[in-house]
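[1] Got a predicted structure here, sequence first:
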Amino acid sequence: MSQPLLKCEHVDFGYENYDVVKDVSLEICQGDYLCIVGENGSGKSTLMKGLLGLLKPTGGSLMVSDDLKRSGIGYLPQQTPAQKDFPATVQEVVISGCLGKRGNRPFYSKKERETAAVNMERLGITDLRKSCYRDLSGGQKQRTLIARALCATDRLLILDEPITGLDPSTTQDFYRVIRHLNREEQVAVLMVSHDIQNIVAQANKILHLKQSVLFYGSVEDYKQTECGREFLGGGK
Ligand SMILES: Nc1ncnc2c1ncn2[C@@H]1O[C@H](COP(=O)(O)OP(=O)(O)OP(=O)(O)O)[C@@H](O)[C@H]1O
């Protein structure tokens, strides 16, 4: 079996002098689709910041594979109103995903421009490349941001509540794109979401968080647990 891209063992993350997330153990391997669920304030975003390396563990261990250290993580942040009005073209937004690798060079390289073109093609937005990002529909914006995240890496995508504000048909389109990347292209996906009904249809693993881990394992096993049945029965 391949080495996990990311592995946490009994890890804690927090702010200043208190821990928000405690004793989390999980692993993400190539091809995994892991969803983190939990009520508001349960620590999902904090855990995600920890996995992205933005917070240092206050306890336990976080292992990042050499492969992932080299390739980096593609991150699709929660959209803020300011980001929605970003005055740049689709092409500029997508290629900005290469920024992490650009260092001090003032211009994008030919290879980076090619990477952006490949990812726009992958997401079916090549025709929109000259369009202004803020004039796009919600679904087109989301495709642009996925293409941007894929410019950073195609090993692991981390997505923070990605369907917020999307209508039902755009939401299904979004899940189709992610499922394709995951199943056909073996991109590992880690998603924070409240959309439990779709999650159980998409993911292979679930982590239910309430400061510490209430459940971590397969979707099938989750459906049999009390917390899983309660969360699923509660709808969205
Ligand atoms: N930068 C911060 N400094 C201090 N405390 C924080 C910070 N960010 C979050 N918290 C606290 O950590 C706790 C968990 O917040 P977090 O945003 O991780 O939860 P969440 O599960 O992502 O919530 P939601 O579903 O509402 O997005 C909350 O009590 C919050 O007030």
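    Noted; the coordinates are in hand. These figures come from a predicted structure and were not determined experimentally.
[2] Distance-wise, check the residue nearest to L5 when sequence neighbours are not counted relative to the ligand.
    Residue nearest to L5 in three dimensions, not counting chain neighbours: L68, with 4.6 Å by Cβ to Cβ, 6 or more residues apart in numbering. Any C-beta I mention is one placed from the backbone N, CA and C, and that applies to glycine too. Shown here: L68 relative to the ligand, a distance of 22 Å by Cβ to the nearest ligand atom, to the nearest Å.
[3] repeat for D85
    22 Å.
[4] same deal with S193?
    In terms of Cβ to the nearest ligand atom, S193 sits 10 Å off from the ligand.
[5] Report the contact partners of that residue.
    C35, I36, V37, L159, E161, P162, I163, I199 (Cβ atoms under 8 Å, 6 or more residues apart in numbering).
[6] about what we covered before: I'd guess the residue nearest to L5 is in a strand, am I close?
    No. Counting by DSSP: H, G, I helix; E, B strand; the rest coil, L68 is not found in a strand; it is helix.
[7] show me the contacts for it.
    Applying Cβ under 8 Å, 6+ apart, the residues contacting L68 are L5, L6, T153, R155, L156.
[8] can we see that at 7 Å?
    L5, L6, R155, L156 (Cβ atoms under 7 Å, 6 or more residues apart in numbering).
[9] For the protein, which residues are neighbours of the ligand?
    Within the chain, the positions near the ligand by Cβ under 6 Å from any ligand atom are Y15, V20, G38, N40, G41, S42, G43, K44, S45, T46.
[10] Please verify my assumption that the last one contacts V11.
    No. If you go by Cβ atoms under 7 Å, T46 and V11 don't touch, sitting 11.2 Å apart.
[11] so which of the contacts of S193 comes closest to the ligand?
    Comparing the contacts of S193 against the ligand with Cβ to the nearest ligand atom places E161 closest, at 7.0 Å.
[12] Do I have it right that the closest one meets M48?
    No. Applying Cβ under 7 Å, one finds E161 not in contact with M48, separated by 9.9 Å.
[13] Just the pLDDT for G234.
    Note for G234: predicted pLDDT of 54.
[14] still on that earlier bit, put together a markdown table for the contacts of L68, with pLDDT on each row.
    Formatted as a markdown table, the contacts of L68 follow (pLDDT from 0 to 100):
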| residue | pLDDT |
| --- | --- |
| L5 | 94 |
| L6 | 95 |
| R155 | 88 |
| L156 | 93 |
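[15] Could you identify which of these has the most neighbours?
    When neighbours are taken as other Cβ atoms under 10 Å, the top entry among these is L156 (27 neighbours).
[16] That one: what's it in contact with?
    L5, I28, L68, I73, G74, A188, L190.
[17] Now the nearest residue to it once chain neighbours are set aside: phi and psi?
    With Cβ to Cβ, 6+ apart as the criterion, L156 has its nearest non-adjacent residue at 4.5 Å, and that residue is A188. Note on A188: its backbone torsions stand at phi -70, psi 140 [degrees, to the nearest 10].
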